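S.K.: give me the fold of what follows.
(one chain, ligands or ions: 2)
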Amino acid sequence: MFLSIDVMKEIKDIIIQSEFTKTDIIAMLSAQGDDEKLLFAKAKEIKEKEIGKKVHYRGLVEFSNICEKNCLYCGIRKDNKNVDRYNLSDDAIVEAAVFAQKSNYGSLVMQSGELASPIFADRIESLLKRIKIETNGALGITISLGEQTKETYQRWFDAGAHRYLLRIESSQKSLYYKIHPENKQHDFDTRLKCLKILQEIGYQTGTGVMIGLPHQTLEDLAYDIMFMREMDIDMCGMGPYIEHPDTPLGKHDFELMPLVERFNLALRMVAALRIVMRDINIAAATALQAIDPIGREKAVKVGANIIMPNITPGMYRNNYKLYDNKPCVDEEPQDCVQCLDVRIRLADASIGYGEWGDSKHFARRVEKV
Ligand code: SAH
Ligand code: SF4
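M.R.: Numbers count the residues shown, from 1 in each chain. Ligands and ions are numbered 1, 2, ... in the order given. Got it, this is the predicted structure:
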């Protein structure tokens, strides 16, 4: 039987390349046993060489679960009536930012459901300015507030946000429409356009995907990595898909990969992405921890360099349930500080306390222009 050279390549030969074909990436994503160990070790080595051993924190404030969209996988989608909706006050958000600063987290992430109203745009703009003032500009600020107009993105950038997270969820249009309603509000091309606008404005731009989605193949995931490389993204947050019982996808009886396999595949995605995009920031997604109590630390060991400790006040955390079994919903922000410190040291890494930990890839990308 004829096999192409591509198919016959071994993992040990693939991981030392600087260019990767789709077949190479699929091979990395399928690696098992000793091959998987080789993959993980190489990803760790590349991270330490390009970025160092430090993990940087972004204190995550999930300030509202009010969303006007209906992504088919997400627990806080508009049509889920079983959610108690909340919206933190401006004071509570600023207080959380001050907590992040005092805890020396270095950066803040503000995330919520998606709202496209002018009132929302105004609110975020003034909040960003307030946070900058009340924390003396000490915090790097990432926002993750969905699809917005160019003008809104620009205003938020001018007000002090300099990183934006907008996951493409799947780079494959056909799969995208299996996990989103096919309508104007959930348009694949709009999402893509938003990512490009964010880059043009000058944000450090992050995207990502869910891993283990119904109908998703390894080839889809390989295309996701190729998409991130082609888009020349600066940051990535990706994690396993976890079904939520009150969502159309969660209710459906799809054949899904067992959770443990989804978790292991997510680790291989992190490692493969680190090998393909050596100097970007890669977050260890919280969804990893929903499956394995030390899931995020395992991701740090195979290439991730960012952790987003949840600093949403405890009483609200339980209502920001994007997926089932979300970790640490009973904790208060201060509980996380010590807990994480110990965990990260166990993962053979240290914490860049008080540092922004900006994407090295971004710095190099901008220098090149
Ligand atoms: N509304 C914003 C930010 C909040 S959602 C947005 O959509 O961009 C943040 C991320 O949570 C999404 O990008 C999605 O990838 C992830 N998410 C939502 N539901 C999930 C689920 N069931 N399992 C795993 N991740 C999920
Ligand atoms: Fe809303 Fe984001 Fe959930 Fe989609 S993924 S329903 S936009 S919070």
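S.K.: how many residues are close by residue 19?
M.R.: Neighbours of residue 19 under the rule other C-beta atoms under 10 Å: 7. C-beta here means a position set from N, CA and C on the backbone, and glycine is covered the same way.
S.K.: and stretch 75-91, what's buried?
M.R.: Of the residues in stretch 75-91, 75-78, 80, 83, 86, 88 count as buried by neighbour count, 16 or more other C-beta atoms under 10 Å.
S.K.: tell me which of the residues you listed fall in strands.
M.R.: When strands are assigned by DSSP state E, not one member of the buried residues of stretch 75-91 lies inside them.
S.K.: and residue 330, how close does it get to residue 113?
M.R.: The gap separating residue 330 from residue 113 is 22 Å, by C-beta to C-beta, to the nearest Å.
S.K.: how distant is stretch 173-185 from the center of its chain?
M.R.: Here the centre of stretch 173-185 is set off from its chain's centre by 20 Å, with C-alpha atoms, centre = their mean, to the nearest Å.
S.K.: could you point out which element follows the longest strand anywhere in the chain?
M.R.: As assigned by DSSP E, the longest strand anywhere in the chain is strand 54-64. Using DSSP states H and E, the helix or strand that follows strand 54-64 in sequence is helix 90-102.
S.K.: which positions within that following helix qualify as buried?
M.R.: Neighbour counts over helix 90-102 (16+ other C-beta under 10 Å) mark 93-101 as buried.
S.K.: can you redo these as a markdown table with pLDDT and distance to residue 299?
M.R.: Formatted as a markdown table, the buried residues of helix 90-102 follow (pLDDT from 0 to 100; distance: C-beta to C-beta, whole Å):
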| residue | pLDDT | distance to residue 299 |
| --- | --- | --- |
| 93 | 97 | 27 |
| 94 | 97 | 30 |
| 95 | 95 | 29 |
| 96 | 96 | 24 |
| 97 | 97 | 26 |
| 98 | 96 | 28 |
| 99 | 94 | 24 |
| 100 | 95 | 21 |
| 101 | 95 | 26 |
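S.K.: how about CSV for these, with distance to ligand 2 added?
M.R.: Formatted as CSV, those follow (distance: C-beta to the nearest ligand atom, whole Å):
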residue, distance to ligand 2
93, 17
94, 22
95, 23
96, 19
97, 21
98, 25
99, 23
100, 22
101, 26
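S.K.: ends of stretch 349-368, how far apart?
M.R.: Taking C-alpha to C-alpha, to the nearest Å, stretch 349-368 runs 30 Å from one end to the other.
S.K.: ok, now stretch 110-125?
M.R.: Stretch 110-125 stretches 12 Å from its first residue to its last (C-alpha to C-alpha).
S.K.: now do that stretch: everything it contacts.
M.R.: Contact with stretch 110-125 is made by 60-69, 76, 90, 93, 127, 141-149, 152, 155-156, 159, 161, 165, as judged by C-beta atoms under 8 Å, 6 or more residues apart in numbering.
S.K.: ok, that stretch near ligand 1 or not?
M.R.: Yes: using C-beta under 6 Å from any ligand atom, stretch 110-125 reaches ligand 1 at 111, 113-114.
S.K.: buried ones in that stretch, by neighbour count?
M.R.: Residues 110-115, 120-121, 123-125 are the ones in stretch 110-125 that count as buried (16+ other C-beta under 10 Å).
S.K.: check stretch 341-349 too.
M.R.: Of the residues in stretch 341-349, 343-344, 347, 349 count as buried by neighbour count, 16+ other C-beta under 10 Å.
S.K.: that older thread, of the contacts of stretch 110-125, select the buried ones using a PyMOL command.
M.R.: Entered in PyMOL, the line below selects the buried ones among the contacts of stretch 110-125, by 16+ other C-beta under 10 Å:
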select buried, resi 60+61+62+63+64+65+66+67+69+76+93+127+141+142+143+144+145+146+147+148+152+155+156+159+161+165
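S.K.: about what we covered before: between the buried residues of stretch 75-91, which is closest to ligand 1?
M.R.: When these are compared for distance to ligand 1 (C-beta to the nearest ligand atom), residue 75 comes out closest, at 6.3 Å.
S.K.: which residues touch that closest one?
M.R.: Residues near residue 75 by C-beta under 8 Å, 6+ apart: 83, 244, 246-247, 250, 321-324.
S.K.: could you look up the SS state of the closest residue in space to it that isn't next to it in sequence?
M.R.: Distance criterion C-beta to C-beta, 6 or more residues apart in numbering; nearest residue to residue 75, sequence neighbours excluded, is residue 244 at 3.9 Å. Following DSSP: H, G, I helix; E, B strand; the rest coil, the label given to residue 244 is coil.
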